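Novice: Here is my input, please return the structure:
(one chain, ligands or ions: 1)
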Amino acid sequence: MRPRVLNIDSVESVRESLMRMRVSPEGVDIMSPKGIYRLVKITGIDCRAANIIKQEMLARGGEAAAPYELYMLDARKIDMVLMGTAKQFEALLDKLSRQPFGLAALAEDIRKTLESYTKKPPTLHAGRFALELASRTHIMGILNITPDSFSDGGRYFSLEDALAQAKLMVSEGADIIDVGGESTRPGAAEVGLDEELKRVVPLIERLSAELDVPISIDTYKPEVARSALDAGASLINDISGLRDAAMIELATERNVPVVIMHMKGMPKDMQQDPVYGDVVAEVIDWLDGQARQAMAAGVAEHNIVVDPGIGFGKTLEHNLELLRRLSEFKSLGFPMLIGTSRKAFIGKILDAPAEERLEGTLATIAYAISKGAGIVRVHDVKEARRVVAVVDAIAGGAGS
Ligand code: 8Y7
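Specialist: Residues are numbered from 1 along each chain as shown. Next comes the predicted model:
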């Protein structure tokens, strides 16, 4: 038979593969951690610490790439890429955990990162619902309560319409309904607090009484989130990524899952020439900081979901790079939500208006699931459900 390159990316898969070909149990134990090779980027490392890392990694047969400043041997900070097998990392981290210059803490961070990268997604507990992300990819259906209804009659009809739309999405396979009362499209104006409350609270009261799925509240205003939770919502979807301390307090107090989304600026100005050095690195770093801040203030680790915020202060190229490298976000160790539905970057690729972006949206969903997304936020639930079912069947469980 022709030699072939195997499709394997975890120590566990190496282990299974070797066991299937009847390698001895001892051999499986010894070899499996040698079968996975990782490149890990670490940043802001003190040059003295970097020298120790380089020597220790080389001594184990791995590599440690660093800029020339490495040899200045002073307190300058540099970035490095460590390269090696899972086994070499294991031995390296064991050694570093007994070294000075903050290396013990760094070793712990790297260990957690490597573990996070392949760990299976958790179960989210939202009110009386348990969302088992490891079992399959979950779908969040988008429900925007239509604005501009000036009379009570108009408001009533838009509420009934929204309710019908929500029921349709649930029948089509939505696992969560995301209710938003303020447009966050690029350039959109902010809505007053009273108006947003008037739009979402009566709707959520009806939805929570009549639907058998959890409701998330799409808002960055703690007052709106509080009233929405009181009305029966059980997740918070915060496009500002918990920038408001009162939102963190609320999430802690109510013990609900919260989506921390990255956004550069605010909707009214976010698309005005957004610039990043490395967009993936910067978004991951920001999400990590927000998550740490939230956990320090009492938000449970198991309640955190992260989202790169496709289209929020990003150019077409930024969005594509975030999707292409989405698996890097697995390093954070939180389940990932992704929202690409009908967004402008798809329209740019296809030269198509919003109502002609379904196939493009579905392509991004299939791709994102294969790179680790656990929840997809969509308008077209029926079509998304079918795509997700097939991708999950191929992957065997949730898509990554
Ligand atoms: C996202 C979102 C929007 C997203 C999360 C639109 C509210 C813009 N996009 N929430 N919200 N992620 N978590 O076009 O990508 O749907 S609004």
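Novice: tell me how far the helix or strand residue 140 falls within is from the chain's mean position?
Specialist: Using DSSP states H and E, residue 140 sits in strand 138-144. Here the centre of strand 138-144 is set off from its chain's centre by 16 Å, with CA atoms, centre = their mean, to the nearest Å.
Novice: Same question for stretch 41-48.
Specialist: 26 Å.
Novice: buried sites along that stretch?
Specialist: Neighbour counts using 16 or more other CB atoms under 10 Å place 42, 45-48 of stretch 41-48 among the buried residues. (Glycine included, C-beta is placed from N, CA and C.)
Novice: Among those, which one sits closest to residue 62?
Specialist: Distance ranking of those against residue 62, using CB to CB, places residue 42 first at 13.3 Å.
Novice: which residues does that closest one bridge with?
Specialist: Assessed by DSSP bridges, residue 42 has beta-bridge partners residue 80.
Novice: Now do stretch 136-149, average pLDDT.
Specialist: Taken as a whole, stretch 136-149 has a mean pLDDT of 85.
Novice: where do the strands sit along the protein?
Specialist: In the chain, the strands defined using DSSP state E lie at 37-46, 63-65, 77-85, 123-126, 129-132, 138-144, 176-180, 215-218, 235-238, 258-261, 304-307, 337-338, 375-378.
Novice: what about the last one, near the ligand?
Specialist: Yes: with CB under 6 Å from any ligand atom as the threshold, strand 375-378 lies in contact with the ligand, specifically through residue 377.
Novice: Could you tell me how far that strand lies from the centre of the chain?
Specialist: Centroid separation between strand 375-378 and its chain, computed with CA atoms, centre = their mean, is 11 Å.
Novice: What helices and strands are in contact with the strand holding residue 140?
Specialist: On a contact count with 3 or more CB pairs under 8 Å, 6 or more residues apart in numbering; DSSP states H and E, strand 138-144 meets helix 152-171, strand 176-180, strand 375-378, helix 381-395.
Novice: Can you tell me which of these is most buried?
Specialist: strand 375-378 (a mean of 28; mean count of other CB atoms under 10 Å).
Novice: Not counting sequence-adjacent ones, nearest residue to residue 254?
Specialist: Closest residue to residue 254 apart from its sequence neighbours, by CB to CB, 6 or more residues apart in numbering: residue 229 at 5.4 Å.
Novice: Please, where are all the helices along the stretch 251-400 of the chain?
Specialist: Using DSSP state H, counting those that start in this stretch, the helices of the stretch 251-400 of the chain run over 279-296, 316-324, 344-350, 358-370, 381-395.
Novice: nearest to residue 332, of the ones you listed?
Specialist: With CB to CB, the closest approach to residue 332 among the helices of the stretch 251-400 of the chain belongs to helix 279-296: 5.9 Å.
Novice: same question for the closest one, mean pLDDT?
Specialist: Helix 279-296 carries an average pLDDT of 98.
Novice: do stretch 373-380 as well
Specialist: Mean pLDDT, stretch 373-380: 98.
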